[in-house]
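Q: Pasted the sequence and its predicted model underneath.
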Amino acid sequence: MTTMPIPSLVIRLAVPTVISMLVTALYNTADTFFVSRLGTSASGAVGIVFSIMAIFQAIGFTFGAGAASMISRKLGAQETKAASRYASTSFFLAFVSGLIFTVYGLFSIDDFMIRLGSTETILPYAKSYAMYILLGAPIMCTSFVMNNVLRAEGKAAFAMVGLVTGALLNIVLDPIFIFTFGLGISGAAIATLISQCISFSILLSVFVLRRSSIRISIGNISRKSKEYFDILTLGTPSLCRQGLASIATVALNVAASGYGDAAVAAMSIVGRTFLLVLSMMIGLGQGFMPVSGYNYGAKNYARVKEAFWFTVKTGLLIMAVTAVTGFVMAPEIVSVFRREDAEVVAIGTLAMRLQFSALILQPLFVSTNMLFQSTGHAARATFLACNRQGVYFLPLILILPSIFGITGIQMTQPLSDILSFLTCIPFLYFFMKKLNKLEKEKIS
């Protein structure tokens, strides 16, 4: 962490994470692809239920990323027992939170789906899909925690194996359960649940078999209020980023539902596709985070800066190539999911092209947010995390459709991305000045 050349180190940690993120996003996209064969309403149901999965991810990343920020710094300071307390505490917090969510969701499933933006025609599909997804809440939440803990320790490859195995299994099981067994949309949900359980088992085995220096156990749950505070405050940026992603998805579904099932299905397809693309940048950023946190804790400020700019430049190259490809191929991409419905293709094509137009802005503001989070600057990280799908997106999704109709829905996310990019620039400027000052003080 402190001696390997930065490009090699970030890439070594980022590649398994990028693969994990890509495959995880891919099996969400695979669900959309296979379920779309059942009709436009079924395709829309995946978009409705996806917001629930985003909530699970928000819970897992809140506790997992909050603990990971401390774990990487504690390991940098050679405090392994403290790192184990943070890992164990975040694991069981996530498990209990997921269990509460399961009970709440199953006992109010009809009303829950309507509140998430389901239309009357989408509702039966959404219920059938959500029921099994809700059962897996504790497993999904804790899997995200373990994934973050392993990355914080520099063992991203173990995290990758767990997530990729589950994701690939899900892709294989989807058509079998949906079509061969004739279970329809419930089959897609069952496939996802089984795959998540397998992924959870693989991740947990790393700790059970002691292939990690960190120990997760009930006995290691912290009794120090400060450590809970650390997890929650440092996890708040992830809560805002992932939680607001869920809220934004609900708001988008509600707005799109006013224009029919085709609009809900189209925006669902665009959302899954864009998540697949954005996962590359997020994965690269999460490979950068342990490098940043570890070296910041070790007071190697020059390496923090070098890692940051390497991440931005690498991300810029990847996103630029992807943006051009996605813009040109937008009609073909949407048609892969729902070629039979011309309205879905038309709505999805414009929305996708607008989002790809702003994709090149992602590397700077994603990396800046993760820089603040990994170095313990929770308030600034939280504010920046809130911008993209909270501070800017939510007001825009309420205002723009009333002015521009469905075009307002399609342009909300890219406009929010532009505003988020502009906002992060002054925060980054002043933090870099601070790092330069700390570096000079260390030398003197």
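A: Everything's here; your move.
Q: so where's the chain uncertain?
A: Per-residue confidence for the chain (pLDDT under 70) gives these ranges: 24, 27, 241, 444.
Q: what number of residues lie near P395?
A: Using other CB atoms under 10 Å, P395 has 12 neighbouring residues. From N, CA and C alone the C-beta is placed, and that goes for glycine too.
Q: Please determine how far it is located from G47.
A: P395 sits 22 Å away from G47, going by CB to CB, to the nearest Å.
Q: cool, and V35?
A: The value you get for V35 to G47, if CB to CB is used, is 10 Å.
Q: correct me, but L193 touches L135?
A: Yes. Using CB atoms under 8 Å, L193 makes contact with L135 at a distance of 6.2 Å.
Q: Those two - which one has more neighbours?
A: Set L193 next to L135 and count neighbours by other CB under 10 Å: L193 wins out with 19 against 16.
Q: Distance from the chain centre to the one helix or strand the more buried one maps to, please.
A: For L193, the host element (DSSP states H and E) is helix 185-208. Centroid separation between helix 185-208 and its chain, computed with CA atoms, centre = their mean, to the nearest Å, is 17 Å.
Q: What of stretch 317-335?
A: 20 Å.
Q: what comes up buried for that stretch?
A: The neighbour-count check on stretch 317-335 (16 or more other CB atoms under 10 Å) flags I318, M319, T322, A323, G326, M329, A330, I333, V334, S335 as buried.
Q: try stretch 425-444
A: Neighbour count says stretch 425-444 has F427, L428, F431, M432, L435, E439 buried, by 16+ other CB under 10 Å.
Q: And stretch 100-116, by the same measure?
A: Neighbour count says stretch 100-116 has F101, T102, G105, I109, F112, M113, I114, L116 buried, by 16+ other CB under 10 Å.
Q: In three-state terms, label the residue lying closest to Q373 once chain neighbours are set aside for me.
A: Using CB to CB, 6 or more residues apart in numbering and skipping residues adjacent in sequence, the residue nearest Q373 is A381, 4.0 Å away. Put simply, A381 is helix when judged by DSSP: H, G, I helix; E, B strand; the rest coil.
Q: Could you check how far A381 is from L428?
A: For A381, the distance to L428 - CB to CB - is 12 Å.
Q: Over to R272?
A: For R272, the distance to L428 - CB to CB - is 30 Å.
Q: now A189
A: A189 is 41 Å from L428, by CB to CB.
Q: ok, now S8?
A: Distance from S8 to L428, by CB to CB: 24 Å.
Q: same thing with P331?
A: Taken as CB to CB, the span from P331 to L428 is 36 Å.
Q: got it, and I55?
A: I55 is 30 Å from L428, by CB to CB.
Q: First-to-last residue distance for stretch 167-184?
A: 19 Å (CA to CA, to the nearest Å).
Q: for it, which positions count as buried?
A: Per 16+ other CB under 10 Å, stretch 167-184 contains these buried residues: A167, L168, L169, N170, I171, L173, D174, P175, F177, I178, L183, G184.
Q: Thanks a lot, catch you later.
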